[in-house]
Every structure is written in C-alpha cells, then in structure tokens.
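Chemist: Next come a sequence and a model predicted from it.
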Amino acid sequence: MFSKYKKQAAAPAAPKPAAPASVAGAPPAQGVKAILRRPEQRAAASAAPQQDRDRKRKERLSEIKIELHRELLENLNLAALEKATESDLRNEIAAIASEVLQEKNIVLNREDRQQLNKELYDEVTGLGPLETLLKDDSVSDILVNGPQQIFIERGGKLELSDVTFKDERHLMRIIDKIVSAVGRRVDESNPYVDARLQDGSRFNAMVPPVAVDGSLVSIRKFKKDKLQIDDLVNFGAFTEEMAAYLQAAVSTRLNIIVSGGTGSGKTTTLNALSSFIDNAERILTIEDTAELQLQQTHVGRMESRPPNVEGKGEVSPRDCLKNALRMRPDRIIVGETRGAEVIDMLQAMNTGHDGSMTTIHANSARDGISRLENMIAMAGIEMPIKAVRSQIASAVNLIVQASRLQDGSRRMTSITEITGMEGDVISMQEIFRFQRVGLTPDNKILGHFTATGVRSHYSERFRLWGYDLPASIYEPTVMEAR
Ligand SMILES: Nc1ncnc2c1ncn2[C@@H]1O[C@H](COP(=O)(O)OP(=O)(O)OP(=O)(O)O)[C@@H](O)[C@H]1O
Ligand SMILES: [Mg+2]
C-alpha cells in the first residue's frame with residue numbers, strides 16, 4: 001500500500017547492512033523494516049527490568065519516530081504524495097507505524113498510537129513540531145530559540161511551550177522545507193530569510209553561525225478573522241468615542257500614520273481602520289508580507305520582494321509605490337514605511353491620494369515625526385530641515401499610537417493631530433490618550449481613556465462631510481473602556 005508513495009529507485013541503493021550498530025548513527029538510506037530488525041535491541045527490551053520498561057519504551061518510541069520520519073521523508077515520492085488524499089496518507093502512515101511497532105514488539109495504547117501517527121503525518125506533510133502550534137488558534141506568535149526552546153504568545157503573554165525539536169538538524173530541515181517552498185535558500189552564506197507560509201503567516205529565520213545557539217525562527221500567525229473595530233472596542237483597545245472619531249477621520253480622507261513598537265498592533269489597527277473606507281474606492285496595498293485583509297471589493301494587493309540568491313530580482317516597496325501611483329488609486333495603504341519609500345508616500349499623500357495610510361516603528365507621535373525625518377535623510381534627500389518638516393506637516397494629518405503595555409494588553413495610547421508648522425517645528429495636538437493610573441495586585445495595568453479637551457482641528461471638515469461629532473466627545477472625562 002505504502003509503495004504507491006515511494007520514490008522509484010532513483011540511484012542504486014547501497015546493500016542493506018545486516019544489523020546496524022546504533023539507531024542514532026544509522027545511515028539514512030535503509031528501509032523502514034531494516035530499523036526494526038535489530039535483534040540486540042529486541043533482546044535488550046525483553047531483558048529490561050520492570051521499572052525501566054516505561055522509560056525504555058518511550059525512548060524506543062522516540063527512536064522509532066525519528067527513524068521513521070527520516071525514512072519517510074527520504075523514501076517517499078513527494079510528487080505522488082501531493083496527489084494523495086489526506087485520509088489516504090494518514091492510513092498509509094498509520095499502517096507503516098503499526099507494522100513497525102509490531103516488529104519492534106512495542107504495545108502502545110490508543111492515545112500514544114494516535115499521537116505517533118499525528119506527529120508522523122505532521123512531519124511528512126507539514127512543519128513537524130510547529131504544526132500543532134500553527135493549528136492552535138489561541139497562539140499568535142511562535143518564537144524558536146534553537147531546537148529546545150519554543151516560546152509562544154497567547155492572549156498577549158509570552159510563555160514557554162512544551163514543544164521541542166529533536167536537534168538542530170531537525171529544526172534546520174523544517175526551516176529548509178519552508179524556505180525552499182518559496183524558492184529561497186538559507187545557509188551559512190545566506191543566514192537569514194523572510195518568507196510567507198502557505199497559510200499567510202509571516203516567517204523569519206536566522207541560522208547558525210550568525211544565530212549563536214541554534215536557529216532562530218519567528219512566526220507571526222496569520223489570523224483568518226482579523227480583529228475588527230468592534231472587537232478592538234470590546235477588548236478595550238480604544239473607546240466607542242475614539243472609534244467614532246477615527247471613522248470620521250478615515251471617511252473624510254485624512255492621511256493617517258499608525259505608529260507603534262514591534263507587535264504593538266499596528267497592522268491590526270491599520271486593517272481595522274481600513275474598514276471605514278467606502279466600498280466604491282479603489283485601494284492599493286503594498287506590503288512586505290501580505291497581511292492586510294481589506295473588506296472592500298476594489299482592492300489591488302502588492303507584495304515587495306527581496307533580492308534572490310544571486311542578489312537579483314528585488315522589487316522594493318518604493319518600486320511598488322511608484323508603480324501604484326500609475327494605477328489610478330483612490331487610496332494607497334503601505335503596510336509599513338521603513339525606508340526610501342517614505343518620499344513617495346509623503347508625495348502621494350500631498351498630491352491627490354489623500355486618505356492614504358501607513359505604519360511606522362516609533363514610540364510616540366513626536367518620535368514618529370523624527371523617524372520620518374530620519375528616513376528622508378537616509379534616503380539621501382538633501383533638503384533643509386524646515387522644508388522636510390513642512391512636507392511632513394502638510395502630508396500627515398493624524399498619528400495614532402499603538403502600544404503593547406507590559407501586562408500584554410494592547411491599547412491605542414494616543415491620537416494626535418498634526419496642525420501645521422510653528423516656525424521650524426511641527427505643531428501637534430493630542431485629542432485622546434490612555435491615562436495610566438496604577439497596577440492591580442496581579443500586575444494588570446489600571447487606567448482609562450480620556451479626551452484631552454482639545455477640539456479637533458478637523459471638526460469643521462468632519463461636519464462638512466456629514467460626520468457631525470458631538471462636542472461632548474472632546475470633553476476631558478474618563479471614558480468608559482470595556
Ligand atoms: N487590541 C488588541 N487586543 C488583542 N490582541 C491584539 C490587539 N491588537 C493586536 N493584537 C494581536 O497582537 C498581535 C500583533 O499584532 P500586529 O501584527 O497588528 O502587530 P504589529 O505592530 O503590526 O507587529 P509587527 O511590528 O511585528 O509588524 C496579533 O496577533 C494581533 O492579533
Ligand atoms: Mg505589522
């Protein structure tokens with residue numbers, strides 16, 4: 001049965017050694033059955049004292065699993081495998097495993113047997129130990145620090161998982177599998193890589209010797225159902241009043257920058273804000289890894305591309321952006337601005353593509369402006385600082401600050417408007433903020449949202465566009481966050 005997925009003998013196989021000396025050091029090309037025909041192991045099993053039996057059985061089980069993984073991967077005809085139905089393949093794997101167990105004289109309970117079959121299946125078709133974590137919807141990030149340490153983020157908190165790889169080779173094999181599927185390579189000379197998994201998750205890996213203690217992998221899981229405005233209000237990320245303000249801001253085509261640190265919820269916020277865009281508008285999105293999920297019908301998605309192994313074929317975010325401007329967009333959304341594309345982004349915002357949005361890495365609105373200034377300087381544009389600032393001030397209307405607080409919660413800690421220039425300085429006014437007041441005994445952050453009392457610079461614009469926000473939302477009262 002299994003043979004249907006087995007590679008046709010490609011190269012003349014080396015004659016099978018009669019009895020390999022040890023499992024760990026066994027050469028790779030032996031048949032599955034060869035692993036089992038090890039009389040000395042069988043003898044060892046029967047001679048084992050009672051109390052050691054359980055431990056030995058587990059060890060042997062893990063040996064068999066490792067050996068089987070390797071055998072399956074090396075001998076399976078992967079092309080035939082692609083056509084196999086899931087249940088077909090599961091049955092094949094279960095049949096092989098059961099044969100192996102029988103010959104090894106190992107009796108497993110139903111649960112162990114199912115677990116073994118599942119792990120084998122994951123190893124053959126998927127990403128091995130990572131597969132369980134990828135399927136677990138409560139896990140949002142997976143962070144691998146070498147083969148023995150895998151951290152996960154769940155509900156905003158990092159925790160050490162009980163999942164491990166067998167060794168660095170095992171981890172490398174999974175990394176290879178991921179990157180070769182997208183036509184990339186990772187090795188000593190190309191020690192890091194960015195890729196997108198089949199399910200849309202964002203993947204980054206760095207391998208030794210640059211990664212000192214074993215390969216480092218970070219995965220930002222793709223959420224099928226992105227958090228929407230209502231969800232974020234329900235989670236206490238911001239209030240209904242702030243949502244009403246943001247709706248007016250997006251609908252009246254203010255240019256918005258979402259600023260925040262790593263994993264602070266920038267992309268989530270950008271995605272949620274995009275839901276306020278009218279369905280009739282033509283939106284173009286540009287990202288390094290396509291994460292945004294816009295609800296509108298008229299959306300063109302672009303993904304920039306790093307250079308390939310020979311250093312060719314790069315399509316930078318700036319290339320995408322320049323091209324996007326020739327594609328008659330109503331709005332442009334850039335997933336993250338971090339380099340030379342800032343010039344074109346600001347120009348687009350200034351010249352008829354108002355209502356555009358992007359994110360930047362920064363810790364406050366003021367910091368965000370400095371980041372933009374730096375990016376412009378790094379792009380090699382030599383302009384007096386005043387000119388740079390006035391370009392920014394006339395392009396950007398609003399900076400929304402996303403933060404991941406130390407208790408793991410994510411909040412929109414500030415909404416700040418840019419109102420123009422005063423001399424050489426960009427003038428800004430904060431409209432809403434999250435006010436921290438203390439900590440609960442179990443280290444949860446206590447605080448509330450409040451308006452600052454400053455009326456929006458754009459309130460007349462809002463009114464003219466039909467978003468007549470009540471003056472009360474600007475009053476500095478403690479706002480109810482859920
Ligand atoms: N308000 C929120 N409440 C709960 N979870 C959230 C909230 N905002 C974002 N998340 C979750 O936090 C994780 C990180 O969010 P997101 O990808 O938006 O961050 P980011 O700032 O874009 O990260 P990066 O800097 O890596 O691009 C995601 O799993 C997302 O679903
Ligand atoms: Mg992001």
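Modeler: It's in. The shown structure was predicted, so the numbers you read here are calculated from the model rather than taken from an experiment. Residues are numbered from 1 along each chain as shown. Ligands and ions are numbered 1, 2, ... in the order given.
Chemist: got any ranges where the stretch 351-482 of the chain has weak pLDDT?
Modeler: 480-482 (pLDDT under 70).
Chemist: near ligand 1, which residues of it show up?
Modeler: Residues of the stretch 351-482 of the chain lying close to ligand 1 by C-beta under 6 Å from any ligand atom are Arg410. To be clear about C-beta, it is placed using only N, CA and C from the backbone, and glycine gets the same treatment.
Chemist: can you pull out the strands in the stretch 351-482 of the chain?
Modeler: 357-361, 398-404, 410-422, 425-439, 445-451, 478-479 (DSSP state E, counting those that start in this stretch).
Chemist: Now tabulate those strands in a markdown table and tack on mean neighbour count.
Modeler: Shown next, in a markdown table, are the strands of the stretch 351-482 of the chain (neighbours: other C-beta atoms under 10 Å):
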| stretch | mean neighbour count |
| --- | --- |
| strand 357-361 | 23 |
| strand 398-404 | 24 |
| strand 410-422 | 20 |
| strand 425-439 | 16 |
| strand 445-451 | 18 |
| strand 478-479 | 16 |
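Chemist: Output those strands in a markdown table, with distance to ligand 2 appended to each entry.
Modeler: Below are the strands of the stretch 351-482 of the chain laid out as a markdown table (distance: least, C-beta to the ion, whole Å):
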| stretch | distance to ligand 2 |
| --- | --- |
| strand 357-361 | 6 |
| strand 398-404 | 10 |
| strand 410-422 | 12 |
| strand 425-439 | 20 |
| strand 445-451 | 22 |
| strand 478-479 | 27 |
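Chemist: would you list the ones you listed in CSV and tack on distance to Ala94?
Modeler: Listed next are the strands of the stretch 351-482 of the chain as CSV, based on distance: least, C-beta to C-beta, whole Å:
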stretch, distance to Ala94
strand 357-361, 47
strand 398-404, 43
strand 410-422, 43
strand 425-439, 52
strand 445-451, 49
strand 478-479, 57
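Chemist: Looking at the ones you listed, spot the one closest to Ala205.
Modeler: strand 357-361 (20.9 Å; C-beta to C-beta).
Chemist: got the angle for the closest one vs strand 398-404?
Modeler: Relative orientation of strand 357-361 versus strand 398-404 (axes from the mean of the first three to the mean of the last three C-alpha atoms, to 10 degrees): 50 degrees.
Chemist: gap between strand 357-361 and the chain center?
Modeler: 17 Å (C-alpha atoms, centre = their mean, to the nearest Å).
Chemist: re the thing from before, of the strands of the stretch 351-482 of the chain, which is nearest Ala340?
Modeler: Taking the strands of the stretch 351-482 of the chain one by one with C-beta to C-beta, strand 357-361 is closest: 13.6 Å.
Chemist: CA-only coordinates of the closest one in PDB, if you can.
Modeler: Taking Å, rounded to 0.1, in the frame of the first residue of the first chain, the C-alpha atoms of strand 357-361 are listed here in PDB:
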ATOM      1  CA  MET A 357      -2.400  55.200   5.500                       C
ATOM      2  CA  THR A 358       0.800  53.500   6.700                       C
ATOM      3  CA  THR A 359       2.500  52.400   9.800                       C
ATOM      4  CA  ILE A 360       5.900  53.200  11.300                       C
ATOM      5  CA  HIS A 361       8.000  52.000  14.200                       C
END
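Chemist: Let me know the helix or strand that the closest residue to ligand 2 within the chain is in.
Modeler: Residue nearest to ligand 2 within the chain: Thr267 (3.3 Å; C-beta to the ion). Assigned by DSSP states H and E, Thr267 belongs to helix 266-274.
Chemist: for whichever helix or strand comes after that helix, packing partners?
Modeler: Helices and strands here follow DSSP H and E; after helix 266-274, the next one along the chain is strand 283-287. In terms of contacts (3 or more C-beta pairs under 8 Å, 6 or more residues apart in numbering; DSSP states H and E), strand 283-287 is packed against strand 299-303, helix 317-324, strand 331-334.
Chemist: Tell me which of these lies nearest to Ser409.
Modeler: Of all the helices and strands packed on strand 283-287, strand 331-334 comes closest under C-beta to C-beta, at 25.7 Å.
Chemist: From the rest of the structure, what touches that closest one?
Modeler: Strand 331-334 has contacts (C-beta atoms under 8 Å, 6 or more residues apart in numbering) with 253, 270, 274, 277, 281-287, 292, 294, 317, 321, 324-325, 341, 345, 348, 353, 355-359.
Chemist: Separate out the buried members of these.
Modeler: 253, 270, 274, 277, 283-287, 292, 294, 317, 321, 324-325, 341, 345, 348, 353, 355-359 (16 or more other C-beta atoms under 10 Å).
Chemist: what's the distance between the helix holding Thr267 and the middle of its chain?
Modeler: 15 Å.
Chemist: is that helix up against ligand 1 anywhere?
Modeler: Yes: remark: helix 266-274 sits within contact range of ligand 1 at Lys266, Thr267, Thr268, by C-beta under 6 Å from any ligand atom.
Chemist: ok, residues contacting that helix?
Modeler: In contact with helix 266-274 (C-beta under 8 Å, 6+ apart) are residues 226-229, 231-232, 237, 246, 250, 256, 258-260, 283, 291-296, 333, 335-336, 357-359, 400, 402, 410, 412.
Chemist: Please find the angle between the direction vectors of that helix and strand 283-287.
Modeler: Using the same axes, to 10 degrees: helix 266-274 against strand 283-287 is 180 degrees.
Chemist: helices and strands of the protein: which one has the lowest mean pLDDT?
Modeler: helix 32-36 (a mean of 35; mean pLDDT, DSSP states H and E).
Chemist: tell me the domain ranges of this structure?
Modeler: 2-125, 131-220, 229-479 (automatic domain parsing).
Chemist: Out of the ones you listed, indicate the one that is most buried.
Modeler: domain 229-479 (a mean of 18; mean count of other C-beta atoms under 10 Å).
Chemist: Find the nearest non-adjacent residue to Ser316, please.
Modeler: Among residues not flanking Ser316 along the chain, Ser304 sits closest, at 5.8 Å (C-beta to C-beta, 6 or more residues apart in numbering).
Chemist: picking up where we left off before, of the strands of the stretch 351-482 of the chain, which is nearest Lys157?
Modeler: strand 398-404 (10.7 Å).
Chemist: Tell me which other helices or strands the closest one touches.
Modeler: Against strand 398-404 (3+ C-beta pairs under 8 Å, 6+ apart) you get strand 256-260, helix 266-274, helix 365-378, strand 410-422.
Chemist: closest to Ser180 out of these?
Modeler: That would be helix 266-274 among the helices and strands packed on strand 398-404, by C-beta to C-beta, at 26.8 Å.
Chemist: For that closest one, C-alpha coordinates in CSV please.
Modeler: Extracted in CSV, the C-alpha atoms of helix 266-274 (Å, rounded to 0.1, in the frame of the first residue of the first chain):
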residue,chain,number,x,y,z
LYS,A,266,-0.1,48.4,14.1
THR,A,267,-1.1,46.1,11.3
THR,A,268,-4.3,45.1,13.2
THR,A,269,-5.2,48.8,13.7
LEU,A,270,-4.4,49.7,10.1
ASN,A,271,-6.6,46.8,9.0
ALA,A,272,-9.5,47.8,11.3
LEU,A,273,-9.2,51.5,10.2
SER,A,274,-9.5,50.4,6.5
